[in-house]
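1. Okay, here's the prediction I keep looking at, along with the sequence it came from:
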Amino acid sequence: MILVVDRSLRDGNTVAGIFAYMGLLAHAVRPQDVPGEISHRYRSVMLPRPDSIIDLPVFISRFRSFAGGIPIFALHPSPKNFAYSALFDGVFDEGSLSSTVLDGMRSFCKTHELPAPGNYRLCGIDASVTRHSVFYFDTPFRLTKTETAILRFLIRAYPLGLTAKEMLDMLFRPSKRPEISDIRTHISSMNKKFRLLTGRSLVFMTPRVGYRILTPENDPERSALPACP
């Protein structure tokens with residue numbers, strides 16, 4: 001998942017929407033909301049308009065102290081002339097927010113042995129954006145676009161659980177946010193499809209913890225499940 005940081009939440013959501021169009025989970029926040037957003041959920045950070053952030057060097061320094069080794073990228077109209085380019089792990093031309101930018105982010109992550117944006121694999125499940133379908137080992141099983149997004153979110157959150165409200169907040173804009181019951185319906189549908197393929201559920205819910213993917217580490221019956229990396 002990519003954390004998009006912009007002074008304008010509307011503009012940040014636009015960039016997050018472009019990533020979503022490419023199949024990646026992305027969530028937009030304002031700079032003042034960043035400390036509360038830093039978590040295991042994110043693999044990369046993108047600042048679409050770094051010049052708009054007051055005291056940018058101080059902000060990046062504080063961000064790195066919060067986020068550890070998470071890579072931070074930026075978009076800029078003139079990357080070669082950007083005075084603060086050294087603060088970032090990569091600066092891309094703001095007119096090319098496309099697969100070119102994504103390839104550059106992935107290249108950096110690969111070089112530094114970091115998990116790349118768009119890779120969603122866990123215990124034989126592969127929901128990565130580089131594939132045309134969701135696979136369990138070499139067998140595809142068809143999920144809807146929303147179900148695939150939920151699966152990617154749960155894979156990225158593993159081993160922690162996520163509540164239905166957290167998924168609503170992270171996956172949908174306020175104007176398009178469905179009811180919490182819709183999340184339960186999507187997960188029920190995912191489990192039904194996965195049971196037809198494997199004979200077991202894909203996702204389970206624990207009170208006060210939330211939804212999690214069933215793995216050898218959390219399976220109460222210790223079924224013969226493939227080990228997780």
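-> Perfect, I can see it now.

2. now the helices: where do they sit in the protein?
-> 9-21, 34-37, 56-67, 99-111, 145-157, 164-171, 180-198 (DSSP state H).

3. want to try JSON lines for those, with distance to residue 135 and mean pLDDT as columns?
-> No exception for glycine: its C-beta is placed from N, CA and C like everyone else's. Compiled in JSON lines, the helices of the chain are given as follows (distance: least, C-beta to C-beta, whole Å; pLDDT from 0 to 100):
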{"stretch": "helix 9-21", "distance to residue 135": "21", "mean pLDDT": "87"}
{"stretch": "helix 34-37", "distance to residue 135": "30", "mean pLDDT": "76"}
{"stretch": "helix 56-67", "distance to residue 135": "31", "mean pLDDT": "89"}
{"stretch": "helix 99-111", "distance to residue 135": "19", "mean pLDDT": "88"}
{"stretch": "helix 145-157", "distance to residue 135": "11", "mean pLDDT": "88"}
{"stretch": "helix 164-171", "distance to residue 135": "21", "mean pLDDT": "82"}
{"stretch": "helix 180-198", "distance to residue 135": "10", "mean pLDDT": "90"}
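
4. Need the winner for burial among the ones you listed.
-> helix 145-157 (a mean of 21; mean count of other C-beta atoms under 10 Å).

5. And the contacts of it?
-> For helix 145-157, contacts defined as C-beta atoms under 8 Å, 6 or more residues apart in numbering pick out 1, 25, 40-41, 43, 120-122, 125, 127, 134, 143, 162, 167, 170-171, 183, 186-187, 189-190, 202-203, 211-213.

6. repeat for stretch 180-191
-> With C-beta under 8 Å, 6+ apart as the test, stretch 180-191 has contacts from 143-144, 146-147, 150-151, 164-165, 167-168, 201-203, 205, 211.

7. swap the cut-off to 7 Å and go again
-> Residues outside stretch 180-191 that contact it (C-beta atoms under 7 Å, 6 or more residues apart in numbering): 143, 146-147, 150-151, 164-165, 167-168, 201-203, 211.
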